[in-house]
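Asks: sequence unavailable; structure follows:
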């Protein structure tokens with residue numbers, strides 16, 4: 001994709017998620033439950049279906065859960081006290097606020113997002129997080145996931161939740177992930193991927209792009225990008241619960257995508273949520289943060 005086309009995609013995504021950040025609380029986002037960009041739904045119910053516990057959700061600051069997840073990367077990251085964790089596309093801080101207590105006072109959760117409205121929402125919730133936990137170990141930075149505002153070899157774990165599919169240069173995202181990870185550092189990502197190429201009408205839909213469908217890459221491409229970036233022990237596991245949940249709630253976007261598919265095909269024939277895990281090669285080294 002040419003540079004001007006990449007910027008056009010980023011502008012579309014930035015505008016779409018800025019609108020989600022400023023929408024009425026309790027309203028599903030384009031990538032979230034009943035994701036027609038503004039349709040009211042139960043974001044907590046969807047989060048439970050894809051792996052979050054009731055206790056986790058009730059501990060969140062108000063408004064942190066925007067219904068934009070397609071998995072629970074924190075649950076597969078095997079987090080340890082003292083680790084530095086980077087969340088790509090942190091949104092309103094949903095996963096960062098859950099990770100903070102797991103890594104403790106000596107650890108840190110750093111969320112990066114390119115949408116100013118999302119960062120404003122996330123930072124507004126920091127006071128509630130500190131009051132509840134007694135911890136001051138979560139921060140949010142403005143930046144693009146293709147050009148991360150962090151030093152080389154500065155984090156132990158990189159997570160992301162239904163965001164990498166939105167990037168117009170996914171190979172560069174994986175190179176950045178490898179760059180900021182310490183030797184031996186880990187990747188734990190939940191994201192949408194394709195098991196076969198979508199019809200052209202779906203791929204060209206702006207709404208489907210913001211809704212995390214049109215931008216989803218083939219799983220085979222994701223594995224190639226990861227290995228080319230220097231990541232090893234790559235494991236990509238399909239998680240059908242997310243797409244099934246979106247179909248169960250009769251999400252308007254997913255209904256429109258289904259209508260554009262060849263006769264006899266369903267969305268699950270093309271799209272699935274995946275847990276994506278890997279680590280950076282080399283022995284573990286202690287490196288200053290961030």
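Replies: Arrived safely, thanks for sending. The structure displayed is predicted, hence computed values, not measured ones.
Asks: pull the number of nearby residues for residue 205.
Replies: 18 (other Cβ atoms under 10 Å). Quick note: C-beta positions are derived from backbone N, CA and C, even for glycine.
Asks: swap that for residue 9, please
Replies: The burial count for residue 9: 19, using other Cβ under 10 Å.
Asks: tell me the gap between the helix or strand hosting it and the middle of its chain.
Replies: Residue 9 belongs to helix 3-21 when assigned by DSSP states H and E. Centroid displacement of helix 3-21 relative to its chain, using Cα atoms, centre = their mean, to the nearest Å, is 15 Å.
Asks: before we move on, what about stretch 190-204?
Replies: Offset of stretch 190-204 from its chain centre (Cα atoms, centre = their mean): 17 Å.
Asks: how long is it from one end to the other?
Replies: Across stretch 190-204, the terminal residues are separated by 24 Å (Cα to Cα, to the nearest Å).
Asks: and the contacts of that stretch?
Replies: Stretch 190-204 is contacted by residues 50, 69-73, 76, 160-165, 208, 212-214, 216-219, 222, 236, 238-239, 242, 257, 260-262, 269-276 when judged by Cβ atoms under 8 Å, 6 or more residues apart in numbering.
Asks: are any of those buried, and which?
Replies: Taking 16 or more other Cβ atoms under 10 Å as the criterion, what is buried in those is 50, 69-73, 76, 160-165, 208, 212-214, 216-217, 219, 222, 236, 239, 242, 257, 261, 270-276.
Asks: now, the residues you listed that are in helices?
Replies: Residues of those located in helices (DSSP state H): 73, 76, 208, 219, 222, 242, 257.
Asks: so the second one sits against residue 277, correct?
Replies: Same thing as residue 76. Yes - at 6.3 Å, residue 76 counts as touching residue 277 under the criterion of Cβ atoms under 8 Å.
Asks: which neighbours do those two share?
Replies: Common neighbours of residue 76 and residue 277, using Cβ under 8 Å, 6+ apart, are residue 188.
Asks: just the helices in this protein please.
Replies: All helices of the chain, identified by DSSP H, fall at 3-21, 43-49, 54-58, 73-76, 94-103, 116-124, 126-133, 170-180, 200-203, 206-210, 219-228, 241-248, 252-259.
Asks: out of the ones you listed, the one nearest residue 84 is which?
Replies: Closest to residue 84 of these is helix 94-103 (Cβ to Cβ; 7.5 Å).
Asks: mind listing what's buried along the closest one?
Replies: Under the neighbour-count criterion of 16+ other Cβ under 10 Å, helix 94-103 has 94-101, 103 buried.
Asks: check contacts around the closest residue to residue 86 other than its chain neighbours.
Replies: The shortest distance from residue 86 to any non-neighbouring residue, by Cβ to Cβ, 6 or more residues apart in numbering, is to residue 155 (4.5 Å). By Cβ under 8 Å, 6+ apart, the residues touching residue 155 are 84-86, 110, 180-182, 185, 289-290.
Asks: buried ones in the lengthiest strand in the chain?
Replies: Identified as the longest strand of the chain according to DSSP state E is strand 181-194. For strand 181-194, the neighbour count (16+ other Cβ under 10 Å) marks 181-182, 185-194 as buried.
Asks: with stretch 55-62 instead?
Replies: Judged by neighbour count (16+ other Cβ under 10 Å), stretch 55-62 contains these buried residues: 56-57, 60-61.
Asks: first-to-last residue distance for it?
Replies: By Cα to Cα, the extent of stretch 55-62 from end to end equals 14 Å.
Asks: try stretch 86-105
Replies: Separation of the first and last residues of stretch 86-105 by Cα to Cα is 16 Å.
Asks: again, but for stretch 135-148
Replies: Distance between the two ends of stretch 135-148: 25 Å, counting by Cα to Cα.
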